[in-house]
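Colleague: Need the 3D shape of this:
(one chain, ligands or ions: 1)
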Amino acid sequence: MHFFRPFNKSKNCTKIISSMENTESKKRAERNRTLTLNQEEIPLLRQHLLYTDTLETVNTPEPSENILNKTINGDIIKSLPHIPDNFADLIIIDPPYNLTKNFNGTVFNSRTQDSYEEYLDTWFPQVCKKLKSNGSLYICGDWKCTASLQRAVEKQLTILNRITWQREKGRGAKANWKNGMEDIWFAVKNPKDYYFDVEAVKIKRRVIAPYTENGKPKDWNQTEEGNFRLTYPSNFWDDISIPFWSMPENTDHPTQKPEKLYAKLILASSKPGDVIFDPFLGSGTASVVAKKLGRNYCGIELNEEYALLAEKRLLLAETDKSIQGYSDGVFWERNTLSDQKKRTSEKAETKQNTGIKAHDQSDSQNLLFDE
Ligand SMILES: C[S@@+](CC[C@H](N)C(=O)[O-])C[C@H]1O[C@@H](n2cnc3c(N)ncnc32)[C@H](O)[C@@H]1O
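Modeller: Down below sits the predicted model:
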């Protein structure tokens, strides 16, 4: 399988032969649900992509309707001029971190902090121009690049918070602490005018020591599946795992973000119908979650295979709106699969009794896999 792969000639990027000759042909365990591309669907998926090099406008913005709900395959520097200013209500950025990482044949090389900040300067100010005056922006990073990100964001926007995501998995090191966290900076253009819906991102937590008043639950609910409390989220997130092989959202992208993580950002900081923009789209998580939650989207991705994977996930999202770990309008803690399952079978029974279809896909998909 040969893909057209635009090559970033920057001195810090090295082109190497792709190892992803055909993701389909990799040997995988029986229960492995990793989403791959197959030969037959590639021509169809290609029809959905916009290729930067073939866009009609030259260094001028496309009309919004041409790029809305599209994946643009191209380099961020060449693609950004095609995006109109004030285009997005919410921008989510998961850039290459200051690490050496092979993105399917294009290696991003780790560099000095100064050089990484110069790299951020080549695109971050341009990206901020695409944000509406009342828009919000999130940018992800690890401990090593987070200070550079903070400095870059502060030059353009007002930072309102720093979310720490305890992502659990991380590679152990003999002479250092294992890296098990990431930062997500939350910033806005205008701190006096931005959208934030905390009610949309409540967490359903199990109550360990249920407190009663006059024999009645205080601030928690007694249900058949257990005792739970709905809580408002803090800026420390410990309820989200990195996608792994048994999850249907998983792809071979090396740094794919979980749908549950982006669902929180999108639900809190956008309304249905808003535009979500991701300039480093990867396997498509931001666009896919935006679509599942009834938002519009647009993403840029350099690597064609990743862009095609994004398109495949977007097609699947037409019929499957489930987001693992988010159901019934709340986010569930890790390891609550059996509770969610009980809740779903009760719901299914109720639907059967009322003559509505027994299972909707979202419920069953959501609950087949633990986190
Ligand atoms: C950290 S990953 C994003 C992963 C994504 N959040 C997901 O959930 O799959 C960064 C992505 O940026 C892409 N990328 C790197 N340099 C780029 C450039 N100059 N223009 C556009 N995309 C680029 C890489 O191919 C990679 O897929």
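
Colleague: Now the phi/psi pair for residue 128, please.
Modeller: phi -60, psi -30 (degrees, to the nearest 10).

Colleague: ok, now residue 134?
Modeller: Note on residue 134: backbone dihedrals following degrees, to the nearest 10 are phi -110, psi 20.

Colleague: Please apply the same query to residue 224.
Modeller: Dihedral angles (degrees, to the nearest 10) for residue 224: phi -60, psi -30.

Colleague: do residue 147 as well
Modeller: Dihedral angles (degrees, to the nearest 10) for residue 147: phi -70, psi -40.

Colleague: Against the ligand - does stretch 29-48 have any residue that ends up touching it?
Modeller: No. Figure legend: stretch 29-48 not in contact with the ligand (Cβ under 6 Å from any ligand atom); closest approach 11.4 Å. C-betas here are computed from N, CA, C, even on glycine.

Colleague: Endpoints of that stretch, how far apart?
Modeller: 31 Å (Cα to Cα, to the nearest Å).

Colleague: distance between it and the chain's centre?
Modeller: Offset of stretch 29-48 from its chain centre (Cα atoms, centre = their mean, to the nearest Å): 19 Å.

Colleague: Report how many residues lie close to residue 43.
Modeller: When neighbours are counted by other Cβ atoms under 10 Å, residue 43 registers 8.

Colleague: from what I can see, it looks like it's in a strand, true?
Modeller: No. The assignment for residue 43, made by DSSP: H, G, I helix; E, B strand; the rest coil, is helix rather than a strand.

Colleague: all helices of the stretch 251-371 of the chain, in order?
Modeller: Here the stretch 251-371 of the chain has its helices, by DSSP state H, counting those that start in this stretch, at 259-269, 285-292, 304-316, 337-353, 361-368.

Colleague: For the residue in the stretch 251-371 of the chain that the ligand sits nearest to, grab phi and psi.
Modeller: Closest residue of the stretch 251-371 of the chain to the ligand, Cβ to the nearest ligand atom: residue 282 (2.5 Å). Backbone geometry at residue 282, expressed as degrees, to the nearest 10, gives phi 60, psi -130.

Colleague: Tell me the bridge partners for the nearest residue to residue 286 once chain neighbours are set aside.
Modeller: Leaving aside its sequence neighbours, residue 286 sits nearest to residue 278 (Cβ to Cβ, 6 or more residues apart in numbering; 3.7 Å). Beta bridges link residue 278 to residue 299 when assigned by DSSP bridges.
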